[in-house]
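Output the structure for:
(2 chains)
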Amino acid sequence: MAIDRISGIALLLLAVFVAVETRVLPLGDHSNPGPGYLPLLLASILAGLAVAMIVRTKGSPLWKTVQWKEKSHALAIVACCFFATFCVEPLGYRITMVLILGFLFGVLERMKIWWALILALALAWGSFWVFDGMLMVPLPRGGLGI
Amino acid sequence: MAETLQNLLLGFSTALTLSNLFYAFAGCLIGTMVGVLPGVGPLAGISLLLPTTFGLNPTAGLILLCGVYYGAMYGGSTTSILMRIPGEAASVMTCIDGYAMAQKGRAGPALSIAAIGSYAAGTLSVVGLMFMAPPLARAALSFGPPEYFSLLVLGLLVLGYMTGGSIVKNMAMILLGLLFGMIGIDHMTGYFRFSYGVVALGDGIGVVPVAVGLFGIAEILATAGNPVRPEVMKPKLKDLLPSRQEFRDSLLPIGRGTVLGFLIGIIPGSAHIISTFVAYAVERRVSRHPEKFGKGTIEGVAGPESANNAASCGALVPMLALGVPTGPIPAVLLAALMVHGITPGPLFIKEQPQIFWGLIASMYVGNVVLLLLNLPLVGIFVNFLRIPYRVLYPTILMFCVVGVYAVNSSFVDVGIMSVMGLLGYILRKFDFETAPIVLGVVLASIFEMSLRQSLAMSNGKYSIFFQRPISAVFLAGALILLVIALLPLIRKGIDYGWRRELTEAEKGK
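Residues are numbered from 1 along each chain as shown, chains lettered A, B, ... in the order given. The predicted structure follows:
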């Protein structure tokens, strides 16, 4: 299937989802539009564009031609981002970063363990010192106060 | 004229304080590094540095961020000329003749003409900004909600057209951005929209996590698995001087590039990329030896390099005078100002002259700093390319996390960045441009407010947008553009080759 058709279907589903979700918001009327007015209008136009993408796929590459050779790296990095999201406050910035950087350097990039550790510690503590210490941007210290 | 010069003096008195000079220097230095490193564009650089400006006064913060902006535009040429790697998308055209010159042993003159051209273009276009923004702001004082709405419709359509790739896809991305911008509390009624009980989403989705996710994280995801080890060429200081002939040949291209770049920069879309295309095409067209283009001619470096620096300045005109950003970078600069409680727009220049004129003066200073910085230190800057990518990308990831978290001290923002990163990666695979999403997010609130206020003013009649002359002109422009954009879809044989070239260049960034 052409990637434009797949994209069109995804965007159409999103438009339908938005339209359904706006049911709980007051639409108002033309002279006094409510909070659901513009989202519904935008979702309708998006649905129209999505249909155009589904119908007109000329020149669009096929799904099987899309290269995903870096997907294992990408998935690991996305997992690191979500790990940071959920752990940066309970664990603190420095511990979270040491774990993420240690994983990326040591496991994903297969650097020597002591190099990975030195780099992870230096970057985590160094960036904390620059941002929290010098630039006065408060970073979380976590339950352990580190 | 006298008033402008008086204001400029006020600006210099602000910009030439020791601390502001330091921030201009630091911004230019960091920006050059950002420009040199492939994959770390000016947008990611500015977004990451945004939290560091919170402790500064607004003038200093803006001077720092603008320094990063034009420093990155400057720095991108170095790797284009020496290694055929564009540091950022606007340097793609410089690769062609710049690298060809480097292969002939003329890397030094190519670098110095790029630096001189950028300096001249940067300085002259600040003059344009200085004289153009205040009258535009005065004219915009007569704008009501219908005019703003029509202007935004026109601006978004121009953005969809001028960004490379499919217009339908670009428009879909603008709508997606506007929908993301709807998340949070509705300012007119207080209703929570699409926040699903997450209190932190009440304030909406910030432009920084969206921009860092779509540009910074998505870039890392797309490139982390494909490490390249570039060969680094290091020119010597004594080889930098261009010959008299090369200098003479560059003068007119620099002038033409400056004018074209500044004017194109005002238009929404990938202005700085388009300006380099147009400048290169114009130089080839007017040259007596068009056959030399692509084989290492100095005009092919001077024109595009001047144009991209002038365009970065031109892009600030609508952002400062109207409060309407024309690209993702001005959008982040706008967000930076808003963090400091300043809303750019028609009243900004009048009410905050110190900040506006301080910024203008700092641009003159910044251009001098860049010229002094780029040429002698070029050998040091290219050393950044020796850092292995497997060390570089985790470091960039760390800066993305700390930069995004620091904006609101919110882990939700880090989550938004992660989701946007994944979304940006998938969208790239599916040939979507992500810059329109950022613009959509930034403009969503003003877009909605002006639509609802206009409809309330007209008692629900959409004809208000056609009855008011300025609004009607904007909408007529939008309609003409829509017809031009849709013609190739309807009639066979009409194809705009420049859009295809733009798409290829943006893919190559």
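
Output stretch B:460-476 as PDB, nothing but the C-alphas.
Output of stretch B:460-476 as PDB, limited to C-alpha atoms (Å, rounded to 0.1, in the frame of the first residue of the first chain):
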ATOM      1  CA  GLY B 460     -22.000  35.100  13.200                       C
ATOM      2  CA  LYS B 461     -21.600  36.400   9.600                       C
ATOM      3  CA  TYR B 462     -18.500  35.100   7.800                       C
ATOM      4  CA  SER B 463     -18.900  38.000   5.300                       C
ATOM      5  CA  ILE B 464     -17.000  40.200   7.800                       C
ATOM      6  CA  PHE B 465     -13.800  38.800   6.400                       C
ATOM      7  CA  PHE B 466     -14.600  40.100   2.900                       C
ATOM      8  CA  GLN B 467     -16.300  43.400   3.900                       C
ATOM      9  CA  ARG B 468     -13.200  44.800   5.600                       C
ATOM     10  CA  PRO B 469     -10.700  45.900   2.900                       C
ATOM     11  CA  ILE B 470      -7.400  44.800   4.500                       C
ATOM     12  CA  SER B 471      -8.900  41.500   5.400                       C
ATOM     13  CA  ALA B 472     -10.400  41.100   1.900                       C
ATOM     14  CA  VAL B 473      -6.900  41.700   0.400                       C
ATOM     15  CA  PHE B 474      -5.300  39.000   2.600                       C
ATOM     16  CA  LEU B 475      -8.000  36.600   1.700                       C
ATOM     17  CA  ALA B 476      -7.800  37.400  -2.000                       C
END
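
What ranges does chain A have for its strands?
In chain A, the strands defined using DSSP state E lie at A:28-29, A:32-33.

Name the stretch among these that sits most buried.
strand A:32-33 (a mean of 19; mean count of other CB atoms under 10 Å in any protein chain shown). Placement of C-beta: from N, CA and C, glycine included.

Convert the C-alpha atoms of stretch A:70-90 to CSV, please.
Extracted C-alpha coordinates of stretch A:70-90, given in CSV (Å, rounded to 0.1, in the frame of the first residue of the first chain):
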residue,chain,number,x,y,z
GLU,A,70,17.9,2.2,12.4
LYS,A,71,14.8,1.1,14.2
SER,A,72,16.5,-0.9,17.0
HIS,A,73,18.5,2.2,17.9
ALA,A,74,15.5,4.4,17.5
LEU,A,75,13.3,2.2,19.8
ALA,A,76,16.0,2.1,22.4
ILE,A,77,16.4,5.9,22.4
VAL,A,78,12.6,6.4,22.6
ALA,A,79,12.6,4.1,25.6
CYS,A,80,15.3,6.2,27.2
CYS,A,81,13.2,9.3,26.6
PHE,A,82,10.2,7.8,28.3
PHE,A,83,12.5,6.5,31.1
ALA,A,84,13.6,10.1,31.6
THR,A,85,10.0,11.3,31.6
PHE,A,86,8.9,9.0,34.5
CYS,A,87,12.2,8.8,36.5
VAL,A,88,13.7,12.3,36.4
GLU,A,89,11.7,13.4,39.4
PRO,A,90,11.7,10.3,41.6
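
and it, anywhere near chain B?
Yes: judged by CB under 8 Å from any CB of the partner chain, stretch A:70-90 comes into contact with chain B at A:70-74, A:77-78, A:80-82, A:84-86, A:88-89.

Noted, bye for now.
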